[in-house]
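>>> quick one, what's the 3D model for this:
(chains A, B, C and D)
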Number of protein chains: 4
Amino acid sequence: MELGVIGLGRMGQIVANRSLSAGHDVVAFDLSAEATAEAAENGAEPADSLADLCDRLDRSGGDEDAGKRIWLMVPAGDAVDATLADLEPYLDGDDVVVDGGNSHFEASTRRAADTDAAYLDCGTSGGPASAEAGFSLMVGGPAWAYEAMVPVFDAVATGPDGHDRMGESGSGHYVKMVHNGVEYALMQAYGEGFELLADGRYDLDMESVARTWNNGAVIRSWLLELCEEAFREEGSELGDVADHVAGGSTGTWTVEEALEQEVPVPIIYQALAERFDSRNEGRFSRRLANRLRYGFGRHEVARRSDEE
Amino acid sequence: MELGVIGLGRMGQIVANRSLSAGHDVVAFDLSAEATAEAAENGAEPADSLADLCDRLDRSGGDEDAGKRIWLMVPAGDAVDATLADLEPYLDGDDVVVDGGNSHFEASTRRAADTDAAYLDCGTSGGPASAEAGFSLMVGGPAWAYEAMVPVFDAVATGPDGHDRMGESGSGHYVKMVHNGVEYALMQAYGEGFELLADGRYDLDMESVARTWNNGAVIRSWLLELCEEAFREEGSELGDVADHVAGGSTGTWTVEEALEQEVPVPIIYQALAERFDSRNEGRFSRRLANRLRYGFGRHEVARRSDEE
Amino acid sequence: MELGVIGLGRMGQIVANRSLSAGHDVVAFDLSAEATAEAAENGAEPADSLADLCDRLDRSGGDEDAGKRIWLMVPAGDAVDATLADLEPYLDGDDVVVDGGNSHFEASTRRAADTDAAYLDCGTSGGPASAEAGFSLMVGGPAWAYEAMVPVFDAVATGPDGHDRMGESGSGHYVKMVHNGVEYALMQAYGEGFELLADGRYDLDMESVARTWNNGAVIRSWLLELCEEAFREEGSELGDVADHVAGGSTGTWTVEEALEQEVPVPIIYQALAERFDSRNEGRFSRRLANRLRYGFGRHEVARRSDEE
Amino acid sequence: MELGVIGLGRMGQIVANRSLSAGHDVVAFDLSAEATAEAAENGAEPADSLADLCDRLDRSGGDEDAGKRIWLMVPAGDAVDATLADLEPYLDGDDVVVDGGNSHFEASTRRAADTDAAYLDCGTSGGPASAEAGFSLMVGGPAWAYEAMVPVFDAVATGPDGHDRMGESGSGHYVKMVHNGVEYALMQAYGEGFELLADGRYDLDMESVARTWNNGAVIRSWLLELCEEAFREEGSELGDVADHVAGGSTGTWTVEEALEQEVPVPIIYQALAERFDSRNEGRFSRRLANRLRYGFGRHEVARRSDEE
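Numbers count the residues shown, from 1 in each chain, chains lettered A, B, ... in the order given. Sure thing, here's the model as predicted:
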């Protein structure tokens, strides 16, 4: 089938390439002419505007009724709304638009209601590292639109088992949001284990630990394979990797939704809080505790000036 | 090579069977004659006492100097000490004894010092479910003894990558202890995610969620495959599975060691605390908070008698 | 001075009574004629509508320029907006309106911008139990309006030290929101301590423990006095007080704001999560962990049907 | 009555002084002659050895049968055992020895069993800051010995309500251990609240916040008074107070005992973990998470070398 891909960053290029490799036709557009050219080199038909992309999709359709199939891979947030606004004149109810980014599920529900096309919110997991193996796709929206996209989903995902329709509009990004909350927690859980090993009683080769665990242990996983890779490349002490974890929006959404649903998620919360903590210059809370120990116990107050 | 296996519960039988399948000779003994008979049916040479087992291993050795190779798969704790005490008359410095159970690393260090044989503490992960795929083996103890056991480790583990020598005596069980702490945390992290989905905004097929995640998502893992299996077998609501998580000793050891090392492990701690919580009949702490809200705010006190 | 009090629930009555006791004149109104009558019995001048209340305040003012002084003590949320809408025709820039309830600080900022009167958001802590001792009042809004209200604040608070202007509009309710987050955490912290004592090695008289702590110990506090009272009235085992903690909105707001500010508040979060947990019928997360232990270890699954 | 005080550090001097002020006779000894001299200046009778102290106590007793009354205020641990060993020849069953330090309850139980004298383990809370107001004393051990010491306890505590017998040997230090666990949690709970205020939306005078809360708010407490003092002396930003919280042994014991009793104490644990965290140079766990985000998402890795 024929697919329009809008947004050709790292992830958009992978969507285009995996679709092409599976024999689909791809019309590609990005605000950056360079990115569009890169897709063209890989076999996509370049478009020089959204109008042009829609026009090319319309013309090529042997089957008049089929409608356009468009995959958005633009940054979550305003860029999605701006793209949809620009696309609006060219869309009707036969068309399908997929948002493959990390949008908030409520934004997706709103967009689904506001768009003439059938709108699929598609949580996409695996990251650039999964360019060859394929992604996991969690899809929400109309069943017919999901079915219409299956050939492309088969190509972009690891295969037929790597995608499914979760439910109504928003459910794809909802499940992806929770996926990311769990992801934060898993990373921090492995991190705590390796921290204890690093500070513990034995002088260990962390790559060997991770490899041994990855072969047969209960906690084996892809993230643990990435730990193994990290230790192989950075060493058992992680070299000069800093204690600074960026990101956090999907984890924040997960905790907010858990508050709304009154579901306790202490482990996911803690993993998110560790990120905030890693970006702080000294916790005020602990500075106060330090001072309070003087207050009642006359324990010496550690001062920043002592640290030099 | 020839291996004595002592302790023929579920895990011990797997050790014997995997060794036999790889072409090794196995002499097997269990306090239960039935368990010994089961091993014999699978091809092991049955022994009717520890003395008999040692005698058979000694006689069969074509190579006089090689020493005996014995794998203990008895319950962690007193049973290990009792078995070692009974074996003591038959052991010397050429022999190798492997403890494949979940012993505390300090017990293993003590036993290594007290035993005439070379002593290997071997953390074994994978559980009965890994009978066919093989285990992950984390081994501590003398390098020569580890090397001497490699043919058997290759057979019992998933293969050569599924085992390694972590370091000195105790390090195998130390790494396994931390593995289990991480395991508790991972289970609870997945649990929080699925709980939010179960109580959240969409009516989801949990098996589909888990399967989609297992194919390409960042959080894919063996534990997530077991989640998928659980939902397939129990349904999206987990049927009548109770909120009661048993076990906890290795997780407790992990937290104790983290306290000793002053390493923060809030996520592992929380996962362990959830187990304790699941076994409680009403948290006293929350009962007090309930009552305190009356104390200052004259909020109505929920009473157990209201619940009927 | 003369004060209009609107909303004569438990807290509104206390505001009226403490003002009267300090020699102020109070005009009182509540949608419930009974509540208004109760205030009248205590010495307030009853009004039979908001219009009547404003009219009485306008007429009585010897000093024409002073403007009306009105204290709202209605439930946070729509009731505040509805009351303000009804008051609007009678308010101008000389008037001061105090919202003494638990409004969200953003609602207060909005209301301050939308109201012709000077608007003070006043976090009120102490609860009905503080009727005699007086409240703590955290006030946000225009400095002149705060100054104008000082005589009443002196009366309603414990005294001049029991109230202060925190800053601009919203800051009073902001500080109160955080106060409540801390309050949840303190209650749960004491709760954990008493739970350990209750389940621990000694058979203790909890009232004696709390009393001994309240006299000279570092952790002495008003909440601990309320613990002492609770144990005195309910017994060391807390009788039939249920594991069910109601409420949670201000704690939820605190965590949401901490997410927004990227400030880690793991202890406040945990205290809030305990409330959610106390209202759950079995944690899905732990039910899954229970099942997973079967998945890898073939450990027996505890079933709800086993519990009978 | 007559009291021997052994150990004249800050806390021991207060015990001596408060006893003297209440009209008791004090015989004082410390390994430091200076400390003994200081006590003598305050009215105590100086002893120049443990033997001398016991001899003076024996001679002065008008009532032969009463036995000696000795208060140990030496550092918890070996110093207590060493002192008891030196005292042993002079002690019999009519004597009472009080350990007022922060000993582990199991050490106290052991010492009570090993000492000929009646042994009281006495948790002492309030710290040097409570020299004038008096301490809270949680006492374990034989009832008759507790009764015999009441006149001194009345003097050293805030008064009769400031001390009580918790139960059998060990219970005094047990209750004090839990007290300290709660103390950590309370400090960190206040700390989280003030951290949110410090990083939040308003520019606040923290001393004013603390003072307003201390007058009438639900969370008022002695620790909050110490917060108020800290902000008064250090400023709203806490000046150069470092993010480094020392100590942790009694908190660690609390968590260890909670593990033993299988009681969840997530808030106390978290408060303890914050202390460990404050003493760490970069969390390994978060460094790994940072690197893993590159692993799957090709997110840039923050490096220590970037930080300069």
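>>> what strand or helix carries residue A:36?
Using DSSP states H and E, residue A:36 falls within helix A:33-41.
>>> touching that helix from outside, list them.
Residues from elsewhere that reach helix A:33-41 (C-beta atoms under 8 Å, 6 or more residues apart in numbering or on different chains): A:5, A:8-9, A:12-13, A:16, A:26, A:28-30, A:46-48. Heads up, the C-betas are built off the backbone N, CA and C, glycines and all.
>>> and with 6 Å instead?
Around helix A:33-41, the neighbours that count as contacts under C-beta atoms under 6 Å, 6 or more residues apart in numbering or on different chains are A:8, A:16, A:28-30, A:46.
>>> give the buried residues for it.
Neighbour-count burial for helix A:33-41 flags A:35-36, A:38-40 (criterion: 16 or more other C-beta atoms under 10 Å in any protein chain shown).
>>> so what strands line up beside the following helix or strand past that helix?
For helix A:33-41, the following helix or strand on the C-terminal side (DSSP H and E) is strand A:45-46. Applying DSSP bridges, strand A:45-46 is found paired with strand A:25-29 (parallel).
>>> the partner strand to helix A:33-41, inter-axis angle?
170 degrees (axes from the mean of the first three to the mean of the last three C-alpha atoms, to 10 degrees).
>>> distance from strand A:25-29 to the middle of the chain?
Offset of strand A:25-29 from its chain centre (C-alpha atoms, centre = their mean, to the nearest Å): 22 Å.
>>> export the helix holding residue A:36 to CSV, keeping only CA atoms.
C-alpha atoms of helix A:33-41 as CSV (Å, rounded to 0.1, in the frame of the first residue of the first chain):
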residue,chain,number,x,y,z
ALA,A,33,14.6,19.5,2.9
GLU,A,34,17.7,17.6,3.9
ALA,A,35,15.6,15.1,5.9
THR,A,36,13.2,14.7,2.9
ALA,A,37,16.2,14.1,0.6
GLU,A,38,17.5,11.4,3.0
ALA,A,39,14.2,9.6,2.7
ALA,A,40,14.2,10.0,-1.0
GLU,A,41,17.7,8.4,-1.2
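>>> what is the neighbour count of residue A:96?
Other residues near residue A:96 come to 26 when the count uses other C-beta atoms under 10 Å in any protein chain shown.
>>> that one reaches residue A:69, doesn't it?
Yes - using C-beta atoms under 6 Å, residue A:96 is in contact with residue A:69, at 5.3 Å.
>>> the top helix by length along chain A - contacts with which helices or strands?
The residue-count maximum for a helix in chain A (DSSP state H) belongs to helix A:171-199. Counting by 3 or more C-beta pairs under 6 Å, 6 or more residues apart in numbering or on different chains; DSSP states H and E, the packing neighbours recorded for helix A:171-199 are helix A:105-114, strand A:118-125, strand A:136-140, helix A:249-261, helix A:266-278, helix B:171-199, helix B:266-278, helix D:284-297.
>>> make a markdown table out of these and add mean neighbour count and mean pLDDT.
Output for the helices and strands packed on helix A:171-199, formatted as a markdown table (neighbours: other C-beta atoms under 10 Å in any protein chain shown; pLDDT from 0 to 100):
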| stretch | mean neighbour count | mean pLDDT |
| --- | --- | --- |
| helix A:105-114 | 18 | 98 |
| strand A:118-125 | 28 | 98 |
| strand A:136-140 | 30 | 98 |
| helix A:249-261 | 21 | 98 |
| helix A:266-278 | 27 | 97 |
| helix B:171-199 | 28 | 98 |
| helix B:266-278 | 27 | 97 |
| helix D:284-297 | 25 | 92 |
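>>> how about a markdown table for the ones you listed, with distance to residue B:78 added?
Shown next, in a markdown table, are these (distance: least, C-beta to C-beta, whole Å):
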| stretch | distance to residue B:78 |
| --- | --- |
| helix A:105-114 | 54 |
| strand A:118-125 | 47 |
| strand A:136-140 | 47 |
| helix A:249-261 | 44 |
| helix A:266-278 | 34 |
| helix B:171-199 | 16 |
| helix B:266-278 | 24 |
| helix D:284-297 | 35 |
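>>> and the one helix or strand residue A:149 maps to, how far out from the chain middle?
In the assignment (DSSP H and E), residue A:149 maps to helix A:143-156. Relative to the mean C-alpha coordinate of its chain, helix A:143-156 is positioned 20 Å out (C-alpha atoms, centre = their mean).
>>> packing partners of that helix?
Counting by 3+ C-beta pairs under 6 Å, 6+ apart, helix A:143-156 packs on helix A:10-21.
>>> which parts of the helix it packs on are buried?
Using 16+ other C-beta under 10 Å as the test for burial, helix A:10-21 gives A:11-20.
>>> quick one: these as TSV, columns for distance to residue B:105 and pLDDT too.
Formatted as TSV, these follow (distance: C-beta to C-beta, whole Å; pLDDT from 0 to 100):
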residue	distance to residue B:105	pLDDT
A:11	44	96
A:12	50	97
A:13	49	98
A:14	45	97
A:15	48	98
A:16	52	98
A:17	49	98
A:18	47	98
A:19	52	98
A:20	54	98
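>>> nearest to residue C:196 among these?
Nearest to residue C:196, judged by C-beta to C-beta, of the buried residues of helix A:10-21 is residue A:11 at 49.7 Å.
>>> could you pull up phi and psi at the closest residue to residue A:95 other than its chain neighbours?
Closest residue to residue A:95 apart from its sequence neighbours, by C-beta to C-beta, 6 or more residues apart in numbering or on different chains: residue A:117 at 3.9 Å. The phi/psi pair for residue A:117 (degrees, to the nearest 10) reads phi -70, psi 160.
>>> need the contact list for residue A:117.
A:91, A:95, A:97.
>>> so what's the residue count around residue A:143?
Residue A:143: 11 surrounding residues under other C-beta under 10 Å.
>>> and the gap between it and chain D?
30 Å (C-beta to the nearest C-beta, to the nearest Å).
>>> where does that residue land on pLDDT?
Here, the pLDDT recorded for residue A:143 equals 98.
>>> once you drop chain neighbours, what's closest to it?
Nearest non-adjacent residue to residue A:143, counting by C-beta to C-beta, 6+ apart: residue A:165, 6.4 Å away.
>>> distance of the closest residue to residue A:251 other than its chain neighbours relative to residue C:255?
Closest residue to residue A:251 apart from its sequence neighbours, by C-beta to C-beta, 6+ apart: residue A:272 at 4.3 Å. Noted for residue A:272: a distance of 11 Å to residue C:255, by C-beta to C-beta, to the nearest Å.
>>> find residues that contact each of the two.
Joint contacts of residue A:272 and residue C:255 (C-beta under 6 Å, 6+ apart) do not exist.
>>> show me the residues around residue A:32 that make contact.
No residues are in contact with residue A:32 under the rule C-beta under 6 Å, 6+ apart.
>>> roughly how far does it sit from residue D:299?
From residue A:32 to residue D:299 the distance is 20 Å (C-beta to C-beta).
>>> over to residue A:4?
Per C-beta to C-beta, residue A:4 is found 28 Å from residue D:299.
>>> again with residue A:145
31 Å.
>>> same question for residue A:13.
17 Å.
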